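In: Pasting the sequence and the predicted model now:
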Amino acid sequence: MKTRRDFLIGSGMATAAWLSAGTLLAQAAAQNAQPGQAEAANANPAVQPNPDLAQTLRTAAAKETIKTTKLRDTIFLLQGVGGNIVCQIGPDGKLLIDSGISTGTDHLRDALEKLDEHRLKLLINTHWHFDHTDGNAALHLDGAFIIAQDNTRSRLLKPQLIETYAAHFPAAPDAGLPQETFPESETLWVNNDEEDLVHTPDAHTDSDIFIHFVKGNVIHTGDLWFNGMYPLIDIGTGGTINGMIRGVDQVLQRADERTKIVPGHGPLGDKPALQGYREMLVTVADRVEKLKAQGKTVEEAVAAKPTADLDAEWAKGSIQAGTFVALVYDSL
Ligand SMILES: [Zn+2]
Ligand SMILES: [Zn+2]
């Protein structure tokens, strides 16, 4: 029998080819909220329980094909379930940013084969989260050498919890662990371009990097940016609102009017859109900081609805307005 959740996921697939984990998470969170969990969520306004998240994403990714968008002659955006993926092609072999969900790997291989004849050589992870790394092991067995920030590897070595969803994730298999890690930054010279990998500390997690294709003028922000949505700040694994703002500022400093900026979730963006998102982050941080300075508890800060005038534009993804306020409060 088709459950209501299957129906919601199925209808989402049909209506939005670029459907990201953000939308899925919102649907799944709504479906999985049991009465007991709703009480728990009320007890902690930073929690929207969705304990079956990993399985929900794997079920959805098995069905979803990948949409390919050409960004430059050698750089492509690949979108399915999970975080946005970028592929650079060229004589040195394919370079991939993020690996998506493991059950979507066959769809990803089909999309990669259509780009050119070269093999996949390098895989970069933007951060440790499951929707960006679950496909690592299969792609490593296909021949990819995996590079990430130090904390991505140390987190993938052990089971992890995303507190906001009360969702547990298993440790990655050995083949899914990065083979090379770095603490702050790394420069690659691949496929006639320069690729700068830059760590942004204490941002969405403690493991985030963005990737700048200098000649190609494309930046993948990882989950520093949820385009058009309130973002998840994963406080339990080191995220903070001020670190996210600093990270976004680093991306903005490198971008010009022609830069194509790929968010972790949501549609392809550009500098003006990222500036608008930064303004939203700063506005919410300032308002919540004032409430906190007045001595309001997190529950009182959420009840004050400090984002009421922003919600129509930004409360469109997996993170509800009250949850975002609580995450900002908790990380200040
Ligand atoms: Zn993500
Ligand atoms: Zn993430």
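Out: Nice, I can see it. Numbering: from 1, shown residues only. Ligands and ions are numbered 1, 2, ... in the order given.
In: The residue in the stretch 201-332 of the chain that ligand 2 sits nearest to in helix, strand or coil?
Out: Nearest to ligand 2, among the residues of the stretch 201-332 of the chain, is Asp223, at 3.5 Å (Cβ to the ion). Where you see a C-beta, it was placed from the backbone N, CA and C, and this is true even at glycine. With DSSP: H, G, I helix; E, B strand; the rest coil as the basis, the three-state label of Asp223 is helix.
In: Excluding covalently adjacent residues, which one is nearest to it?
Out: Take Asp223 and drop its neighbours on the chain: the residue closest to it by Cβ to Cβ, 6 or more residues apart in numbering is Gly264, 3.5 Å away.
In: so that neighbour touches Ile211, yeah?
Out: No - assessed by Cβ atoms under 8 Å, Gly264 is found out of contact with Ile211, at 11.5 Å.
In: The two: which is more packed in?
Out: The residue with more neighbours, out of Gly264 and Ile211, is Gly264; 29 against 24, by other Cβ atoms under 10 Å.
In: Can you give me the pLDDT of that one?
Out: pLDDT, Gly264: 98.
In: mind listing the helices in this structure by residue range?
Out: 4-15, 21-32, 35-43, 53-63, 105-113, 130-133, 136-141, 150-156, 241-254, 271-293, 298-303, 311-314, 321-331 (DSSP state H).
In: Nearest to ligand 1, out of those helices?
Out: Closest among these, using Cβ to the ion: helix 130-133, at 4.5 Å.
In: And the residue of the stretch 51-200 of the chain that's closest to ligand 2?
Out: Closest point on the stretch 51-200 of the chain to ligand 2, by Cβ to the ion, is His129, at 3.5 Å.
In: can you pull the contacts of that residue?
Out: By Cβ atoms under 8 Å, 6 or more residues apart in numbering, His129 lies in contact with Gly83, Ile162, Thr205, Asp223, Asp234.
In: Ok, Pro183 next?
Out: Gln149, Asp150, His199.
In: One more: Gln88?
Out: Here Gln88 is in contact with Thr74, Ile75, Phe76, Lys94, Leu95, Val190, Asn191, Asp193, Glu195, Phe213, Gly216 (criterion: Cβ under 8 Å, 6+ apart).
In: now it, nearest residue through space, not along the chain?
Out: Leu95 (4.4 Å).
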